[in-house]
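K.L.:
3D, please:
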Amino acid sequence: MNILVTGANGQLGNEMRIISKNSTDNYIFTDVNQVEGVETLYLDITDLEAIRKMVTDNNVQAIVNCAAWTNVDGAEDPEKYALVEKLNATAPENLAKAVKEACGLLIHISTDYVFGGDPYNTPCKEDQKGTPTGVYGLTKLHGEQNIQRVGCNHVIIRTAWLYSEFGKNFVKTMLNLTAIKLQLKVVFDQVGTPTYAYDLAQAIMVILEDYKNSLTANLSPLTYAKSGVYHFSNEGVCSWYDFTKMIQQIASELVTRNQKPETHGLCDVQPCHSDEFPSPVKRPAYSVLDKTSIKETFGVKVPYWTDSLRKCITNLMRQQ
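P.N.:
Next up is the predicted model:
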């Protein structure tokens, strides 16, 4: 199967590169941002005709869309709204149109930020009404709606608190800050679940394999019966404060084991309220995702968040 990956030089895209090396399928990695030494085709997903050509020329049967505008605060700039809407809503619609014409599958990555406007304290289900509190969440919700309106075979995966060994993310930032600061304040009134991008990539591979099996079982183009919206994050629940404390604890254990100078354990990490860090957008206070559907439908295995965090930090420290 020929699989097109957009946003291939981001966190999830890079994890897809790693996992795809063990696949018999043909992966085509694309991005508008080129990285020296990394083989990537240029593709602007806001250009429908460019997508159509890429899909046709490469006989693409599935698209994994990892591309998006992800700067949550930056999205609140009124001058940026048109661009954010174009990247997060129009681009997914373009991909949906192209993949529908090719009778293929679109796997699109969305976010827990489609929630947040209504108070709740139980894990968010897929059919829960979207109530975004900022431009980022609103445009991502528009992207979901556009895909559904086009009517292609699709699997929309909402995820949360993504981190990896690649790019900029919360884990890498906190590893650095707890190593150089004596005290650090982190909010404790925003609760969710971290997601290791490698685990999400593994889940995507399971879905792609399921789709390929469905093609094998049917000799003509078909409607993928498992199309829909799903949630994926690691198992468990924590606040950003808890997340930081665990990052610090794991890093401290690893540097001690490797007989390196202790730094992370010296930082005094303190909980604080969100209003101590003014932001142009109100973030979801509770965005734990219910993952029952993706587990039952695809048999996806979901690791516990601290186990995956330890794997990521171990890999990061090996790179040092």
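
K.L.:
going by C-alpha atoms from here, please, whenever you check contacts or count neighbours.
P.N.:
Will do.

K.L.:
low-scoring pLDDT stretches of this structure, where are they?
P.N.:
For the chain, the stretches with pLDDT under 70 are 219-221, 258-260.

K.L.:
now the strands for it?
P.N.:
2-6, 26-31, 41-42, 62-65, 105-111, 153-159, 162-163, 183-187, 191-192, 195-196, 228-231, 238-239, 268-272 (DSSP state E).

K.L.:
alpha carbons of the first one, as PDB, please.
P.N.:
In this case it means strand 2-6. Backbone C-alpha positions of strand 2-6 (Å, rounded to 0.1, in the frame of the first residue of the first chain) are rendered in PDB as follows:
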ATOM      1  CA  ASN A   2       1.200   3.500  -0.800                       C
ATOM      2  CA  ILE A   3       0.900   5.800   2.100                       C
ATOM      3  CA  LEU A   4       1.400   9.600   2.100                       C
ATOM      4  CA  VAL A   5       2.400  11.300   5.300                       C
ATOM      5  CA  THR A   6       2.100  15.100   5.600                       C
END
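
K.L.:
neighbouring strands - and their directions - for it?
P.N.:
strand 26-31 (parallel), strand 62-65 (parallel) (DSSP bridges).

K.L.:
let me have these in a markdown table, extended by mean neighbour count and distance to residue 55.
P.N.:
Output for those, formatted as a markdown table (neighbours: other CA atoms under 10 Å; distance: least, CA to CA, whole Å):
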| stretch | mean neighbour count | distance to residue 55 |
| --- | --- | --- |
| strand 26-31 | 20 | 10 |
| strand 62-65 | 25 | 9 |
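
K.L.:
could you dump those into a markdown table with distance to residue 158 added?
P.N.:
Formatted as a markdown table, those follow (distance: least, CA to CA, whole Å):
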| stretch | distance to residue 158 |
| --- | --- |
| strand 26-31 | 21 |
| strand 62-65 | 12 |
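
K.L.:
wait, which of those strands is closest to residue 179?
P.N.:
Closest of these to residue 179 is strand 26-31, at 33.2 Å (criterion: CA to CA).

K.L.:
of all the strands paired with strand 2-6, which one comes closest to residue 214?
P.N.:
That would be strand 62-65 among the strands paired with strand 2-6, by CA to CA, at 12.7 Å.

K.L.:
now do the helices in the stretch 151-300 of the chain.
P.N.:
170-180, 197-217, 240-257, 292-298 (DSSP state H, counting those that start in this stretch).

K.L.:
quick one: contacts of the third one?
P.N.:
If you take CA atoms under 8 Å, 6 or more residues apart in numbering as the criterion, helix 240-257 is touched by 171, 174-175, 178, 186-188, 190-191, 194, 261-265, 269-271, 306, 309-310, 313-314.

K.L.:
for residue 287, which residues are in contact?
P.N.:
112, 113, 115, 116, 123, 124, 160, 191, 192, 193.

K.L.:
now the buried members of these.
P.N.:
Neighbour counting over those (16 or more other CA atoms under 10 Å) leaves 112, 113, 115, 116, 124, 160, 191, 192, 193 as the buried ones.

K.L.:
tabulate those residues (JSON lines), appending distance to residue 27.
P.N.:
Formatted as JSON lines, the buried ones among the contacts of residue 287 follow (distance: CA to CA, whole Å):
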{"residue": "112", "distance to residue 27": "28"}
{"residue": "113", "distance to residue 27": "29"}
{"residue": "115", "distance to residue 27": "32"}
{"residue": "116", "distance to residue 27": "35"}
{"residue": "124", "distance to residue 27": "32"}
{"residue": "160", "distance to residue 27": "25"}
{"residue": "191", "distance to residue 27": "36"}
{"residue": "192", "distance to residue 27": "32"}
{"residue": "193", "distance to residue 27": "29"}
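
K.L.:
of those residues, closest to residue 182?
P.N.:
Relative to residue 182, the closest of the buried ones among the contacts of residue 287 is residue 191; by CA to CA it sits at 24.8 Å.

K.L.:
distance of the closest residue to that closest one other than its chain neighbours from residue 264?
P.N.:
The shortest distance from residue 191 to any non-neighbouring residue, by CA to CA, 6 or more residues apart in numbering, is to residue 239 (4.3 Å). For residue 239, the distance to residue 264 (CA to CA, to the nearest Å) stands at 19 Å.
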